[in-house]
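**Q** Take this sequence and fold it.
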Amino acid sequence: MGRRTALVIGGGIGGLTAAVALDRRGWAVTVLERAAVLEPGRASGREAKNGGGARRSGAGIGLAANAQRALDALGAGDAVRALAAPQISGALCLPSGRRLARMDTAAAARRFGGPVVVVHRAELSALLAARLPEGVIRTDAAATLVDEGDPAPGGRPARVRIRAEELTADLVVAADGIHSAVRSAVFPGHPEPRYAGFTAWRFVVPAPDGPYPAHETWGPGSLWGSIPLTDGRVYAYATAAVPPGGRAADGDERAELLRRFGDWHHPVPALLAAADPAAVLRNDVRTAAAPPPAFHRGRVALLGDAVHPMTPNLGQGGCQAIEDAVVLAHETAADGDLGAALTAYTRQRLPRAMEVVRRAERIGRLTTWRSRPACALRAAGMAVTARLAPDLALRALDGIADWRPPTAT
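**A** Presented below is the predicted three-dimensional model:
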């Protein structure tokens, strides 16, 4: 009897983590990525033979202790931590530069077993791709689910179409993002993710005047964050409470950021001056409108943004996708009962991920406050909390960042 087969639709962080985890559990895996080419990150090795390496994205990703432990279970945690710049401390500020609170990574490490590490998404993708066998990743492979299949023993396989080619598999993993076509196919009546009330911009730039400490700055209806990466680079992100679907005049999102944030404290203007306008990403932030019926149907398992999109305010979007991937692979032993395994996957992941969605959204709403009295009250609360209960802000991650992956049996 040959190895059971898995098709992973989507070559982002969640999809690649699922591919690595399933490969380690004995599945014959193929990753189907719609992009025509995966541009290389900084990792070396097999990624060049897996569709050209990792998809380049002008953004960083924060990995809290829960995601790092999940990656440790795949033997990748140390390599990921080696990609990150040391984060000693940071600050929570107002646009004037006044510091409201100190952000202490040591406190997070004490509470959750490790600090958040921030890496470039392309480099993390490259590292994961390098851990897959040669030829696993197929690019320019936009996939359409034809039949979800029947997971009962002897049941029909799932079917996926790429152009005129039809593939069958024992398992399909839908990691096709927030606008997941697979989610719409398996749960056609489920509401699409809804606009969370704000838009996000992201870019990575060399620090123009040397390294800067991490900071996050909250203004009226807007937020800016800067986090150092390796080699003197900085990952910058911003959000603003604006109507959905907007775009900057002439497509120049850097000019839009300058208009909104150009008079904020150092280093915001310097980072914007150094940014390449073509490298600034803009995306409306969406969140799950309602819990899905399940995280699986038939032989299809959904993970990451495809099933639980969330706001970025807890830094858990990618972390929860990584958790999904590791739990899915743990439950779906290559010779086990697939139906029971997918039911167990939903049972573990749905309540947990949706709780993270709710917590992140609550914090996201705070960033949209615009009135001067509300913002003054918010700032005063942050300052008092930092002085009287410095670990209180970390409690938002209690029950999240302290998660541990299931152990192999």
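**Q** all helices of the stretch 151-300 of the chain, in order?
**A** Along the stretch 151-300 of the chain, counting by DSSP state H, counting those that start in this stretch, helices occupy 181-186, 253-261, 268-274.
**Q** ugh, typo on my part, it should be the stretch 1-150 of the chain
**A** Under DSSP H, counting those that start in this stretch, the stretch 1-150 of the chain gives helices at 13-24, 65-73, 77-82, 105-112, 121-129.
**Q** Redo the ones you listed as TSV? Include mean neighbour count, mean pLDDT and distance to A241.
**A** In this view, the C-beta of every residue, glycine as well, is placed from N, C-alpha and C. As requested, the helices of the stretch 1-150 of the chain are exported to TSV (neighbours: other CB atoms under 10 Å; pLDDT from 0 to 100; distance: least, CB to CB, whole Å):
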stretch	mean neighbour count	mean pLDDT	distance to A241
helix 13-24	27	98	27
helix 65-73	24	97	28
helix 77-82	15	96	33
helix 105-112	16	86	28
helix 121-129	27	96	25
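**Q** nearest to L314, of those?
**A** helix 65-73 (10.9 Å; CB to CB).
**Q** Could you dump the helices of the stretch 151-300 of the chain into TSV and include mean pLDDT, mean neighbour count and distance to C375?
**A** Shown next, in TSV, are the helices of the stretch 151-300 of the chain (pLDDT from 0 to 100; neighbours: other CB atoms under 10 Å; distance: least, CB to CB, whole Å):
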stretch	mean pLDDT	mean neighbour count	distance to C375
helix 181-186	98	20	37
helix 253-261	97	19	15
helix 268-274	95	19	18
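**Q** now the ones you listed in JSON lines, with distance to V80?
**A** JSON lines is the format used below for the helices of the stretch 151-300 of the chain (distance: least, CB to CB, whole Å):
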{"stretch": "helix 181-186", "distance to V80": "27"}
{"stretch": "helix 253-261", "distance to V80": "29"}
{"stretch": "helix 268-274", "distance to V80": "25"}
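**Q** and of the ones you listed, who's closest to D398?
**A** helix 181-186 (29.5 Å).
**Q** right, and the helices of the stretch 151-300 of the chain - which one's nearest L394?
**A** helix 268-274 (25.4 Å).
**Q** CA-only coordinates of that closest one in PDB, if you can.
**A** Taking Å, rounded to 0.1, in the frame of the first residue of the first chain, the C-alpha atoms of helix 268-274 are listed here in PDB:
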ATOM      1  CA  VAL A 268       8.600  57.500  11.700                       C
ATOM      2  CA  PRO A 269       9.500  60.300   9.200                       C
ATOM      3  CA  ALA A 270      13.000  58.800   8.500                       C
ATOM      4  CA  LEU A 271      11.600  55.400   7.800                       C
ATOM      5  CA  LEU A 272       9.000  56.800   5.400                       C
ATOM      6  CA  ALA A 273      11.700  58.800   3.700                       C
ATOM      7  CA  ALA A 274      13.700  55.600   3.100                       C
END
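**Q** Can you name every helix or strand that it contacts?
**A** On a contact count with 3 or more CB pairs under 8 Å, 6 or more residues apart in numbering; DSSP states H and E, helix 268-274 meets strand 194-206, strand 222-228, helix 253-261.
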